[in-house]
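**Q** what shape does this take:
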Amino acid sequence: MKSNNQIIISGLLLGLLLSIFHNYIWILLVVITLILTYRQSGKKYLYFFILLSFLTLTNTINTGLRQILQIVGFCVLFYFFIKENGFDFDNYPRIPQSVMFFFFLLYCAFTLSIVFSNYKIIGYEQIIRTTIFFLLIYFLYSALFYGIKIELYLNIILLAALIYFIYIIYNFGESGFSLIRVELNQVNRTSLDYIHPNALTFMIVMSSLLLIPFLFDTNNKKLIIFYLILFFIALIVANSREAFVCYLGGVLFIFYKQNKIILKWIIVGVVLFFSMAFIEPFAIIFQVYFRLEKVLTGRNEIIYTVMQVIQNHFYFGVGPGGTKYELYKNLPYMLGSPQESLINRVFNQIEFGHAHNFYLFFFSDMGLLGLFSSIMLPVIFFRNCFWALKIYQNKNSRVYLLILGITASGIAIFLRGMFEWSNILSYGTITADLPFWILFVIIIYLNMRRDIELGKLLLV
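**A** Numbering: from 1, shown residues only. From the prediction side, this is the model:
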């Protein structure tokens, strides 16, 4: 009887709130959902819900709901951080000196580029976004010291990849299960896509590389193979050339560390596979599927234009987020030409990262110090990864395999940075950057604790 009365009272209060704040119904629903999740399931599932929404809820679904979830989610994580740590700064989880050095470099690059920039307001906006993002990452890092398990973060990444897989297959079905139509849709795609195809495949590649090392574990190999087959089907359907290159780079590293005999067979298989590109009728299939006739079409024109911007702003860059506004001032092509049309398309689609290259993106925006920061990030990341591999090599096999997968994912991520600008540090774009920084946080945490046991990952 008491519980029925509570339900009636709660329903009346909810109705009253909705009638008063009907213009803010999304905010109320989000807050109520988070409160119910916390009360019924505890902090662990609340973290799961918030982080999964960060990775899967994009602007094309509902811009307002996404922004509300990100703001409320950030506030919830901040609340738990203060609840556990208070304002006693001495007790806050420490950050390694190498990572602090990167932050120092990055903010020096920010500061110097803004001083000499004509787009100061835009630059300040990017600094604020990035700082908020780093605070979010620190909250996640701190949570690992107070009860949140690394398996939770990893399961969120893997589950998000499965959601992306479903979306890719759904699009494939919408295209009549035709790879040619999928390719045409990519050529004619707009910013109204659920998420950029290259970002989809990035998550698929990263999740695959996290799972592959566990093939060397004795448990649940069939389930791992099942997941890997699903993800590889998604890669074939999504048809991203850079994804295959990055995937191969990570796989080669894993088998170099674990089984050099299999590594040799993989290399032989890859050589034989691509040698088929010179044999009819396979040559036509390769040309159509891998779009060999336009490997550089569009991208080289964009890079050439961005290089003109870099030449004119070599030392300090244009300023964070400012490259877009210098493209047409340094345009080496005639207005109305095919090259200009390609640049105009990219100009209108994105706000920054026009170079399609993470390192040139930082170079054009923040000059030499920005370029140095973009190079130091992978150096520091891999330094922490190899240190963790050394620590856990003879201590815990499952944690060692996880570190191996994270290192392979890092190879894929920074290799991808040569072809794309996002998913590493794109001024705190949460959906894009969060997966990489979750992996970085896990590596740092493993180096700090050194006594971690790894639970199951999606039943693996």
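**Q** quick one: what helix or strand has the closest residue to residue 441 other than its chain neighbours in it?
**A** For residue 441, ignoring the flanking residues on the chain, the nearest one in space by CB to CB, 6 or more residues apart in numbering is residue 141 at 4.5 Å. Glycine gets a C-beta too; all of them are placed from N, C-alpha and C. Assigned by DSSP states H and E, residue 141 falls within helix 120-143.
**Q** which positions within that helix qualify as buried?
**A** 122-124, 126-127, 129-130, 133-134, 136-143 (16 or more other CB atoms under 10 Å).
**Q** beyond that helix, next helix or strand please.
**A** Going down the chain from helix 120-143, the next helix or strand is helix 150-174, by DSSP H and E.
**Q** buried sites along that next one?
**A** Quick answer for helix 150-174 (16+ other CB under 10 Å): 150-162, 164-165, 167-169, 171-172.
**Q** what does stretch 336-344 give?
**A** Buried, per 16+ other CB under 10 Å, within stretch 336-344: 339-340, 342-343.
**Q** go on, stretch 395-411?
**A** 396-411.
**Q** quick one: contacts of that stretch?
**A** 150, 154, 205-206, 209-214, 216-217, 246, 249-251, 253-254, 257-258, 378, 381-382, 385-386, 388-389, 392-393, 436, 439, 442-443, 446, 450, 452-454 (CB atoms under 8 Å, 6 or more residues apart in numbering).
**Q** repeat that for stretch 434-448.
**A** Residues outside stretch 434-448 that contact it (CB under 8 Å, 6+ apart): 51, 54-55, 93-96, 99, 137, 140-141, 144-145, 150, 153-154, 156-157, 160, 202-203, 206, 381, 384-385, 387-388, 391-392, 399, 402-403, 406, 409-410, 413, 423-424, 452.
**Q** put the alpha carbons of that stretch into PDB.
**A** In PDB, the C-alpha atoms belonging to stretch 434-448 read as follows (Å, rounded to 0.1, in the frame of the first residue of the first chain):
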ATOM      1  CA  LEU A 434      36.200  10.400 -26.000                       C
ATOM      2  CA  PRO A 435      37.100   6.800 -27.100                       C
ATOM      3  CA  PHE A 436      40.800   7.500 -27.500                       C
ATOM      4  CA  TRP A 437      41.100   9.400 -24.200                       C
ATOM      5  CA  ILE A 438      39.200   6.600 -22.400                       C
ATOM      6  CA  LEU A 439      42.000   4.300 -23.600                       C
ATOM      7  CA  PHE A 440      44.600   6.700 -22.500                       C
ATOM      8  CA  VAL A 441      43.100   7.100 -19.100                       C
ATOM      9  CA  ILE A 442      43.000   3.300 -18.700                       C
ATOM     10  CA  ILE A 443      46.700   3.100 -19.600                       C
ATOM     11  CA  ILE A 444      47.600   5.800 -17.100                       C
ATOM     12  CA  TYR A 445      45.600   4.200 -14.400                       C
ATOM     13  CA  LEU A 446      47.200   0.800 -15.000                       C
ATOM     14  CA  ASN A 447      50.600   2.400 -14.700                       C
ATOM     15  CA  MET A 448      49.600   4.100 -11.400                       C
END
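**Q** mean confidence score for it?
**A** Mean per-residue pLDDT for stretch 434-448: 95.
**Q** and it, how far out from the chain's middle?
**A** 13 Å (CA atoms, centre = their mean, to the nearest Å).
**Q** quick check: closest non-adjacent residue to residue 384.
**A** residue 443 (5.0 Å).
**Q** likewise residue 380?
**A** Using CB to CB, 6+ apart, the nearest residue to residue 380 is residue 98, at 4.7 Å.
**Q** measure that neighbour to residue 371 for me?
**A** Per CB to CB, to the nearest Å, residue 98 is found 19 Å from residue 371.
**Q** neighbour count for these two, which is higher?
**A** Set side by side, residue 98 and residue 371 give different neighbour counts by other CB atoms under 10 Å, the larger being at residue 371 (21 against 15).
**Q** doesn't residue 361 make contact with that one?
**A** No. Counting by CB atoms under 8 Å, residue 371 stays clear of residue 361, with 9.7 Å between them.
**Q** where is pLDDT lowest across the buried residues of stretch 395-411?
**A** Among those, residue 396 carries the lowest pLDDT, at 67.
**Q** okay, domains of this structure per the record?
**A** Domain ranges of the chain: 2-89, 93-258+352-449, per automatic domain parsing.
**Q** which is the next helix or strand following the longest helix seen in the chain?
**A** With secondary structure taken from DSSP state H, the chain has its longest helix at helix 358-392. The helix or strand immediately downstream of helix 358-392 is helix 397-416, counting by DSSP H and E.
**Q** ok, then the element right after that next one?
**A** helix 430-449.
**Q** tell me how far that following helix lies from the chain's centre.
**A** Relative to the mean C-alpha coordinate of its chain, helix 430-449 is positioned 11 Å out (CA atoms, centre = their mean).
**Q** what about the protein, any weak spots by pLDDT?
**A** 1-42, 58-63, 180, 182-196, 291-298, 396, 458-460 (pLDDT under 70).
**Q** before we move on, back to that, buried members of the contacts of stretch 395-411 into PyMOL, please.
**A** Here is the PyMOL selection string for the buried members of these, based on 16+ other CB under 10 Å:
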select buried, resi 150+154+205+206+209+210+211+212+213+214+216+246+249+250+251+253+254+257+378+381+385+388+389+392+436+439+442+443+446+452+454
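**Q** what's the spacing between the residue nearest to residue 383 when sequence neighbours are not counted and residue 235?
**A** What sits nearest to residue 383 in space, not counting adjacent residues and going by CB to CB, 6+ apart, is residue 98, at 6.1 Å. From residue 98 across to residue 235, the span is 33 Å (CB to CB).
**Q** those helices in the stretch 1-150 of the chain, which residues are they?
**A** 2-20, 25-41, 43-56, 63-85, 97-115, 120-143, 150-174 (DSSP state H, counting those that start in this stretch).
**Q** mind putting the ones you listed into TSV with distance to residue 289?
**A** TSV is the format used below for the helices of the stretch 1-150 of the chain (distance: least, CB to CB, whole Å):
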stretch	distance to residue 289
helix 2-20	52
helix 25-41	42
helix 43-56	28
helix 63-85	34
helix 97-115	39
helix 120-143	37
helix 150-174	14
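**Q** of all those helices, which lies closest to residue 431?
**A** helix 43-56 (6.1 Å; CB to CB).
**Q** name the residues that touch the closest one?
**A** Residues contacting helix 43-56 (CB under 8 Å, 6+ apart): 33-34, 37-38, 69-70, 73, 76-77, 80, 140, 143, 147-149, 152-153, 155-157, 159-160, 163-164, 203, 430-431, 434-435.
**Q** same thing but 7 Å
**A** Counting contacts by CB atoms under 7 Å, 6 or more residues apart in numbering, the residues outside helix 43-56 that touch it are 34, 37-38, 69-70, 73, 76-77, 80, 143, 148, 152, 156, 159-160, 163, 430-431, 434-435.
**Q** in ChimeraX, how would I select just the buried ones from those residues?
**A** To isolate the buried members of those in ChimeraX, using 16+ other CB under 10 Å:
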select :34,37,38,69,70,73,76,77,80,143,148,152,156,159,160,430,431,434,435
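**Q** hmm, back to that, how far does the helix holding residue 141 sit from the chain's center?
**A** Between the centre of helix 120-143 and the centre of its chain there are 15 Å (CA atoms, centre = their mean).
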